[in-house]
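**Student:** sequence? don't have it. structure:
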């Protein structure tokens, strides 16, 4: 396919591997709404410093394939599919924006999303494409300088996913998804009433990136957003207002393709302290 824009299209990316998705879905077990977060031991509770992988070295017997992201004949979209299947699970930033003139709102999920600092609270959002063909969300964010970031939970995953639809500019995803906008204090953009955790955000800066595979083509925009106010549903917040209960939040995350995942199992591992961890370690005694 010679047209670079068409190579970014959903038909070319082919995130959905199922010709008949609903038929495949019908054969799967029902969603277990009663599933609870359970804690397990780590795979090797008696692990010691210097112990390496917990599989007895089996992983060292496998070879790796080297990939040049720009090798001749490799479409850039192959790198997209590879990366979103490997960098997992990814948190989802559900971004609410409002046009500068206040006439339209937009709501869209982003899996190029992360928190990068806490003082000030800073978040990154990655947008596909450039400002020359800006999607509604980045257009609103860059022009108004404001947004909300909402965390997606199990109880509204279908509605959130529907907000990724390629709706015409000016269409409110709140209306077509059935989700409810809620007012904020420091920004005019709406937050999602259904969300257990939301952030009011102010745009810090944006940076546009150019393709290395197709020089001259703008392929991505990084937006850095500062969180200026938090909203947490009362039944998910502790008394000190510094911890969100994961058993209430029930966050959704992204894997590759069209695959989402949820957290139903967890383990706890304290962060090690050098003096304590090495005091009785054979590794320390050998002075390696």
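**Tutor:** Perfect, thanks for sending it. The model shown is predicted, which means the values in this text are computed figures rather than measured ones. Numbers count the residues shown, from 1 in each chain.
**Student:** list the contacts for residue 86?
**Tutor:** Counting by C-beta atoms under 8 Å, 6 or more residues apart in numbering, residue 86 touches residue 256. Glycine gets a C-beta too; all of them are placed from N, C-alpha and C.
**Student:** Please tell me how far it sits from residue 191.
**Tutor:** From residue 86 over to residue 191 the distance is 31 Å, taken as C-beta to C-beta, to the nearest Å.
**Student:** Repeat that for residue 129.
**Tutor:** Taken as C-beta to C-beta, the span from residue 129 to residue 191 is 25 Å.
**Student:** for residue 97, same thing?
**Tutor:** 11 Å.
**Student:** Please, where are all the helices along the stretch 51-200 of the chain?
**Tutor:** For the stretch 51-200 of the chain, the helices defined by DSSP state H, counting those that start in this stretch cover 76-86, 136-144, 157-162, 173-177.
**Student:** List the buried residues in the second one.
**Tutor:** It stands for helix 136-144. 136, 137, 138, 139, 140, 141, 142, 144 (16 or more other C-beta atoms under 10 Å).
**Student:** ok, so of these, who is nearest residue 17?
**Tutor:** Of all the buried residues of helix 136-144, residue 137 has the smallest distance to residue 17: 26.4 Å, by C-beta to C-beta.
**Student:** any idea of the pLDDT on that closest one?
**Tutor:** pLDDT, residue 137: 96.
**Student:** Assess the claim that it and residue 99 are in contact.
**Tutor:** No. Under the criterion of C-beta atoms under 8 Å, residue 137 makes no contact with residue 99, lying 10.8 Å away.
**Student:** Find the residues that touch each one of the two.
**Tutor:** Residues touching both residue 137 and residue 99 (C-beta under 8 Å, 6+ apart) are residue 106.
**Student:** on that earlier part again, what residues do residue 97 and residue 191 have in common as contacts?
**Tutor:** Common neighbours of residue 97 and residue 191, counting by C-beta under 8 Å, 6+ apart, are residue 148.
**Student:** if we can go back for a sec, out of the helices of the stretch 51-200 of the chain, nearest to residue 112?
**Tutor:** Comparing the helices of the stretch 51-200 of the chain by their distance to residue 112 (C-beta to C-beta), the top pick is helix 76-86, with 8.9 Å.
**Student:** What residues sit buried inside that closest one?
**Tutor:** By 16+ other C-beta under 10 Å, the buried positions in helix 76-86 come out as 76, 77, 80, 84.
**Student:** And the third one, how far from residue 87?
**Tutor:** The reference is to residue 80. Counting by C-beta to C-beta, the gap from residue 80 to residue 87 is 11 Å.
**Student:** now, which of the buried residues of helix 136-144 sits nearest residue 265?
**Tutor:** Among those, residue 137 lies closest to residue 265 (C-beta to C-beta), at 32.9 Å.
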